[in-house]
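Asker: how would this look folded up:
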Amino acid sequence: MRRFVAVSAAVLAGIGLLTTPGSANPESALPAPAQHAVGGWVGTWAAAPASAVPNTPDGYPGYSIRNVVHTSAGGGRARVHLSNAFGASPLNFGHVTIAVQGTGPDAVPGTLRSLTFGGAPSVVVPAGAEALSDPVNLRIPAGTNLLVTTYVPSKSGPVTHHPAAAQTSYFTRTGDFAASESGAPYTEQTSVWHYVSGVDVQGGAEASIVTLGDSITDGVGSTSGANRRWPDYLADRLHGRFGVLNAGISANRLLLDVPGSGAGQNALSRFDRDVLSVGGVRTIIVLEGINDIQQTPHQTDPAAITSAYRQLVAQAHARGIRVLGGTLTPFKGWRVYDDTLEATRQAVNSFIRTGGVFDGVVDFDAAIRDPADPLRMLPAYDSGDHLHPGDAGYERMAAAVRLDRL
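Answerer: This is a model prediction of the structure:
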């Protein structure tokens, strides 16, 4: 079982952690049973499309790319979402498969399934669009790795990807090996996810929880390949009853795009595609805004950030979805930190805690700050750069989510 570094109850009480709304309570009960998602489909894994791979005008013709993804909930049937969100021309997926991962690029024998699209073995996805596969029967456990392999036979234009995967995937440039159970053809590795944006399952979880955020939700600073992002730790606590979908994009902002950075569209622009439209959403946890404050141009007016929160909540409520607000975590010691930026963070956190806009609060700030210097992250939780937590910090953040509020 994973462990987090403990801080004494007396110390936590001294900084208000035990009495702050939405504070850490690892013993909280699971939420009451939810109405099952429409059709029983629930997202088990997701990665928000962030940008086009730089300098790929022809795409990856002739490549088979074996993406390794990690489930949060299990089921007996599966379907896959493929994205051409940042493409500039129609994209032909000639062959797509799904399998349970064995070792490396090897599939567990007997688990590989070829996917169809409206009964056809291939699909053309227009620029800016997404494709959803037909379902296949496949027993998928919670907390396991899957292989989603795409083969693109022809030039397709810029390739949509998610850069900060914190996971090793595999590829070959030598043709269609999507149906190969053996990983032998996959002689090259990549640290990003290409094309695939989601996997849904049926027959297991009741609904999904979506975590919207930036690099801290994306898991920067965590151990690569170990699934130690805070949403992963939250999924561990839920034991497969709910899917947990990660809609974090490193360097993402609420209010502004960052052209050429791979940071995706601003959160308000991508909210419908990456959050509201994914499978069976029950609750959203929002942890976003620190990049608006610390990136150039700095947003030092808290009202601009809190206005964005109001919009996210209003749009989610219109779909009948709950929204929990996550307080912005400490960043004293980060390279651009100063008193003005800190004052903005404090004002935003005050709004999250007391503004009454969110359906609940997850006080990530209180959970991982240093009692001796509350503007700084506790060193045991810090990855070392003073902005991103490490594994222990991410586990502590997940423990701060009260399960009875999901």
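Asker: Give me the distance between residue 358 and residue 325.
Answerer: 4 Å (Cβ to Cβ, to the nearest Å). Any C-beta I mention is one placed from the backbone N, CA and C, and that applies to glycine too.
Asker: between these two, who's got more neighbours?
Answerer: Taking other Cβ atoms under 10 Å, residue 358 and residue 325 do not tie; residue 325 has more neighbours (31 against 24).
Asker: Please put the alpha-carbon coordinates of the helix or strand where the more buried one lies into CSV.
Answerer: Using DSSP states H and E, residue 325 maps to strand 322-326. Only the C-alpha atoms of strand 322-326 are listed here, as CSV (Å, rounded to 0.1, in the frame of the first residue of the first chain):
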residue,chain,number,x,y,z
ARG,A,322,-20.9,19.0,-9.1
VAL,A,323,-17.7,21.1,-8.9
LEU,A,324,-15.2,21.0,-6.0
GLY,A,325,-12.6,23.9,-5.8
GLY,A,326,-9.0,23.0,-5.0
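Asker: Parallel or antiparallel, list what pairs with that strand.
Answerer: Within its sheet, strand 322-326 is paired with strand 281-287 (parallel), strand 360-362 (parallel), according to DSSP bridges.
Asker: out of those, nearest to residue 336?
Answerer: strand 281-287 (19.3 Å; Cβ to Cβ).
Asker: what's around residue 195, how many residues?
Answerer: A total of 29 residues lie near residue 195 under the criterion other Cβ under 10 Å.
Asker: residue contacts, it?
Answerer: With contact taken as Cβ atoms under 8 Å, 6 or more residues apart in numbering, residue 195 is in contact with 65, 67, 82-84, 93, 150, 152, 159-161.
Asker: Redo these as JSON lines? Include distance to residue 336, pLDDT and neighbour count.
Answerer: Output for these, formatted as JSON lines (distance: Cβ to Cβ, whole Å; pLDDT from 0 to 100; neighbours: other Cβ atoms under 10 Å):
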{"residue": "65", "distance to residue 336": "36", "pLDDT": "98", "neighbour count": "26"}
{"residue": "67", "distance to residue 336": "34", "pLDDT": "98", "neighbour count": "26"}
{"residue": "82", "distance to residue 336": "37", "pLDDT": "98", "neighbour count": "24"}
{"residue": "83", "distance to residue 336": "32", "pLDDT": "98", "neighbour count": "25"}
{"residue": "84", "distance to residue 336": "35", "pLDDT": "98", "neighbour count": "28"}
{"residue": "93", "distance to residue 336": "42", "pLDDT": "98", "neighbour count": "23"}
{"residue": "150", "distance to residue 336": "38", "pLDDT": "98", "neighbour count": "24"}
{"residue": "152", "distance to residue 336": "40", "pLDDT": "98", "neighbour count": "24"}
{"residue": "159", "distance to residue 336": "32", "pLDDT": "97", "neighbour count": "24"}
{"residue": "160", "distance to residue 336": "30", "pLDDT": "97", "neighbour count": "28"}
{"residue": "161", "distance to residue 336": "27", "pLDDT": "97", "neighbour count": "27"}
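Asker: In strands, which of those fall?
Answerer: Among the contacts of residue 195, the subset assigned to strands under DSSP state E consists of 65, 67, 82-83, 93, 150, 152, 160-161.
Asker: Next, the buried residues of stretch 383-390.
Answerer: For stretch 383-390, the neighbour count (16 or more other Cβ atoms under 10 Å) marks 383, 386-390 as buried.
Asker: Contacts for it next, please.
Answerer: By Cβ under 8 Å, 6+ apart, the surrounding residues in contact with stretch 383-390 are 215-216, 220-222, 230, 290, 294, 329, 331-334, 337, 368, 376-377, 381-382, 393, 396-397.
Asker: Swap in 6 Å and give it another go.
Answerer: Residues from elsewhere that reach stretch 383-390 (Cβ atoms under 6 Å, 6 or more residues apart in numbering): 220-221, 331, 333-334, 381.
Asker: Which of these fall in helices?
Answerer: If you go by DSSP state H, the contacts of stretch 383-390 have nothing in helices.
Asker: Kindly indicate the member of these with the most neighbours.
Answerer: residue 381 (25 neighbours).
Asker: Which residues are in contact with that residue?
Answerer: Residues in contact with residue 381, defined by Cβ under 6 Å, 6+ apart, are 368, 389, 392-393, 396.
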